[in-house]
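Trainee: make a model of this:
(2 chains)
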There are 2 protein chains.
Amino acid sequence: MSQANTSLPQGEPLTSADALEERLRSIGAARYHNLHPFHELLHGGKLTKGQVQAWALNRYYYQSSIPIKDAVVLSRFRDRRTRIEWRHRIEDHDGDVGSEGGIERWLQLTTGLGLDPAYVESTQGILPATRFAVDAYVNFVGRQSPLEAIASSLTELFAPTIHEQRIAGMLKHYDFINPTVMTYFQRRLEQAPRDANFALDYVRSHATTPEAREVVCQALAFKTEVLWVQLDALYHAYVSGFTPPGAFRPEEV
Amino acid sequence: MSQANTSLPQGEPLTSADALEERLRSIGAARYHNLHPFHELLHGGKLTKGQVQAWALNRYYYQSSIPIKDAVVLSRFRDRRTRIEWRHRIEDHDGDVGSEGGIERWLQLTTGLGLDPAYVESTQGILPATRFAVDAYVNFVGRQSPLEAIASSLTELFAPTIHEQRIAGMLKHYDFINPTVMTYFQRRLEQAPRDANFALDYVRSHATTPEAREVVCQALAFKTEVLWVQLDALYHAYVSGFTPPGAFRPEEV
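Mentor: Residues are numbered from 1 along each chain as shown, chains lettered A, B, ... in the order given. Next comes the predicted model:
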């Protein structure tokens, strides 16, 4: 048996683009982090403000690494058109001089939750598991094939549903959440589908053998693991209460 | 505030090699994974055979990545003597034609626990957090300075105590453990101190400024996080019971 990169068992040979898309959607249905118990608690109003702070603080490391990840993806393509298409993702997150991007919107959320932006930006208090998972994503897109680099973004196919649940659930349940601090998710409702459609079309047309389609599925499974691990770590540290040495402790801020 | 790589707060300026060594030992005393609740359970006989299987299965990914990590460390040195010194670590783990190394001894442990070696070697069932943490270690020694690459091995300073506890505790408490399957740890009792002494001497003599000594401490803290994250993930998945999609489930083997 060869060494695996993910926990996804190899499936039946995927003989068409439609079979690929079907399998991708089934991976999302089984492994996307909307199914994670931490999200149930978050969206259902079951967390304390400190636990929501921990989530937003850790997730900042993910958010702020996305344009770095996308720059690495962009760097993999000799094809100018793919680079041009991919470039707007960096802009979406970084914004521009005088216009905010996704990272600033995320800082509005953490600031709205009462966290010092300098502390958040320092990433000092995040869980090591967050750092390892996010860094694994950045490394993945640099080391695997360009096809896999694009395929690993396909979790965006499943993002709009979770963002809608999150906006509605958090506004309803938490008195420390208002529409302004949820702007990040509101904007992603427009951005994610465009990005996801491009990536889906790309893998449908560029993965032309069963082996290449299998690799695309493994890349998506890898990405679901990147997301899932972050929530496992939050749950263990801030719901089960096993906060590791050096990590953020809500009462200390 | 600049971006941190670990959760270790910067300490007082380290003005001597002795001050460095004292701080390194205090980091070990506060953060080494002998303090982790999972190890208390493991060494105290509180785990089921399935939970011990999960530990040994996941730890195999760490063990089998160590010679890869050490090859990367070796590759960072133009200095032939450092390469020669470091090379025996690869040999310790890989063995040679006709003589076993640490990885084979670890497979004796997993086989003794009833796991199929082909399944263990495939790494299919490990926790994604294990993979991300271990891969972070391999990447760290390739990307940070050669000094940090060596410093990150300093957890071996604290290994003999935990190995003694483990050998005694596991032999005493588990009827599925016998001295043969514990050979790995027995051998490490001889190997680790030699390695740790070299690395300690190295950082004491090569980190000659307070800044360089601080970087050495951060590298050790990083490594304690690599180890701690693996046990957090095991605890969450197999003690708290939140086994992630696709990971090993004891009853299925």
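Trainee: can you give me the distance of residue A:53 to chain B?
Mentor: Using C-beta to the nearest C-beta, to the nearest Å, residue A:53 is found at 16 Å from chain B. Glycine gets a C-beta too; all of them are placed from N, C-alpha and C.
Trainee: typo on my end, it should be residue A:60
Mentor: When residue A:60 is compared with chain B (using C-beta to the nearest C-beta), they lie 11 Å apart.
Trainee: secondary structure element holding the closest residue to that residue other than its chain neighbours?
Mentor: Setting aside the residues directly before and after it, residue A:60 is nearest to residue A:120 in space (C-beta to C-beta, 6 or more residues apart in numbering or on different chains), at 5.2 Å. Secondary structure assignment for residue A:120, by DSSP states H and E: helix A:117-122.
Trainee: what about residue A:161, neighbour count?
Mentor: 12 (other C-beta atoms under 10 Å in any protein chain shown).
Trainee: the helix holding residue A:120: what's the following helix or strand?
Mentor: On the C-terminal side of helix A:117-122, the closest following helix or strand by DSSP H and E is helix A:128-143.
Trainee: which strands and helices lie in contact with that following helix?
Mentor: When contacts are defined as 3 or more C-beta pairs under 8 Å, 6 or more residues apart in numbering or on different chains; DSSP states H and E, helix A:128-143 packs onto helix A:49-75, helix A:146-151, helix A:210-234, helix B:128-143, helix B:210-234.
Trainee: and the next element down the chain from the longest one?
Mentor: When you say that, I think you mean helix A:49-75. Trace forward from helix A:49-75 with DSSP H and E and the next one is helix A:80-94.
Trainee: can you list contacts of that next one?
Mentor: A:63, A:66-67, A:70-71, A:73-74, A:77, A:101-103, A:191, A:195, A:198 (C-beta atoms under 8 Å, 6 or more residues apart in numbering or on different chains).
Trainee: how about a cut-off of 7 Å?
Mentor: Residues outside helix A:80-94 that contact it (C-beta atoms under 7 Å, 6 or more residues apart in numbering or on different chains) are A:66-67, A:70-71, A:73-74, A:77, A:101-103, A:191, A:195, A:198.
Trainee: CA atoms of that helix as CSV?
Mentor: Listed next in CSV are the C-alpha coordinates belonging to helix A:80-94 (Å, rounded to 0.1, in the frame of the first residue of the first chain):
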residue,chain,number,x,y,z
ARG,A,80,-1.2,34.4,-17.7
ARG,A,81,-5.0,34.0,-17.9
THR,A,82,-5.1,31.7,-14.9
ARG,A,83,-2.9,34.2,-13.0
ILE,A,84,-5.2,37.1,-13.9
GLU,A,85,-8.3,35.1,-12.8
TRP,A,86,-6.7,34.1,-9.5
ARG,A,87,-5.4,37.5,-8.7
HIS,A,88,-8.7,39.0,-7.6
ARG,A,89,-8.7,36.5,-4.7
ILE,A,90,-5.6,38.2,-3.3
GLU,A,91,-7.3,41.6,-3.7
ASP,A,92,-10.5,40.3,-2.1
HIS,A,93,-8.6,39.5,1.1
ASP,A,94,-5.9,42.3,1.1
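Trainee: with adjacent residues omitted, what lies nearest to the most centrally placed residue in chain A?
Mentor: The centre of chain A sits closest to residue A:227, judged by C-alpha atoms, centre = their mean, with a distance of 5.7 Å. Spatial nearest neighbour of residue A:227, excluding adjacent residues (C-beta to C-beta, 6+ apart): residue A:33 at 4.3 Å.
Trainee: returning to what we had before: how about the contacts of helix A:80-94 in a markdown table, adding pLDDT?
Mentor: Shown next, in a markdown table, are the contacts of helix A:80-94 (pLDDT from 0 to 100):
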| residue | pLDDT |
| --- | --- |
| A:66 | 97 |
| A:67 | 97 |
| A:70 | 97 |
| A:71 | 97 |
| A:73 | 98 |
| A:74 | 97 |
| A:77 | 97 |
| A:101 | 93 |
| A:102 | 94 |
| A:103 | 95 |
| A:191 | 89 |
| A:195 | 92 |
| A:198 | 96 |
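Trainee: determine which two of these are furthest apart.
Mentor: A:77 and A:103 (23.5 Å; C-beta to C-beta).
Trainee: separation between the residue nearest to residue A:64 when sequence neighbours are not counted and residue A:156?
Mentor: In space, and not counting its chain neighbours, residue A:64 is closest to residue A:103: 5.3 Å by C-beta to C-beta, 6+ apart. Look at residue A:103 and residue A:156: by C-beta to C-beta, to the nearest Å, they are 17 Å apart.
Trainee: same question, residue A:24
Mentor: 12 Å.
Trainee: those two: which is more packed in?
Mentor: Taking other C-beta under 10 Å, residue A:24 and residue A:156 do not tie; residue A:24 has more neighbours (25 against 20).
Trainee: in the stretch 151-253 of chain A, what residue lies closest to chain B?
Mentor: residue A:246 (3.0 Å; C-beta to the nearest C-beta).
Trainee: what about that residue, which SS state?
Mentor: Counting by DSSP: H, G, I helix; E, B strand; the rest coil, the backbone at residue A:246 sits in coil.
Trainee: what number of residues lie near it?
Mentor: By other C-beta under 10 Å, the residues close to residue A:246 number 22.
Trainee: kindly report the same for residue A:37.
Mentor: 13.
Trainee: next, the contact list for it, please.
Mentor: Listed by C-beta under 7 Å, 6+ apart, the contact set of residue A:37 reads A:235, B:242.
Trainee: how about the one 10 residues further on?
Mentor: With contact set as C-beta under 7 Å, 6+ apart, residue A:47 has these partners: residue A:41.
Trainee: looking at it now. What's its pLDDT?
Mentor: pLDDT for residue A:47: 97.
Trainee: and it, that's in a strand?
Mentor: No - read with three-state DSSP, residue A:47 is coil and lies in no strand.
Trainee: what does the stretch 1-150 of chain A have sitting close to chain B?
Mentor: The stretch 1-150 of chain A has residues A:1, A:3-4, A:7-8, A:30-31, A:37, A:118, A:121-125, A:128-129, A:132-133, A:135-136, A:139 near chain B, with proximity defined as C-beta under 7 Å from any C-beta of the partner chain.
Trainee: please repeat the previous calculation with a cut-off of 8 Å.
Mentor: Residues of the stretch 1-150 of chain A lying near chain B by C-beta under 8 Å from any C-beta of the partner chain: A:1-9, A:30-31, A:37, A:118-119, A:121-126, A:128-129, A:131-133, A:135-136, A:139.
Trainee: quick revisit: ok, and the most crowded of the contacts of helix A:80-94?
Mentor: Most surrounded of these: other C-beta under 10 Å gives residue A:70, at 24 neighbours.
Trainee: for residue A:126, see how far away that one is.
Mentor: From residue A:70 to residue A:126 the distance is 20 Å (C-beta to C-beta).
Trainee: repeat for residue A:102
Mentor: Using C-beta to C-beta, residue A:102 is found at 18 Å from residue A:126.
Trainee: buried set for the helix or strand containing residue A:204?
Mentor: Residue A:204 is part of helix A:183-206, with elements assigned from DSSP H and E. For helix A:183-206, the neighbour count (16 or more other C-beta atoms under 10 Å in any protein chain shown) marks A:183-185, A:187-188, A:191-192, A:195-196, A:198-200, A:202-204, A:206 as buried.
Trainee: just flag the most distant two among the residues you listed.
Mentor: Greatest spatial distance among the buried residues of helix A:183-206 (C-beta to C-beta): A:183 and A:206, at 34.2 Å.
Trainee: burial count for the residue in the stretch 1-150 of chain A that chain B sits nearest to?
Mentor: At 3.0 Å from chain B, residue A:7 is the closest residue in the stretch 1-150 of chain A, using C-beta to the nearest C-beta. When neighbours are counted by other C-beta under 10 Å, residue A:7 registers 23.
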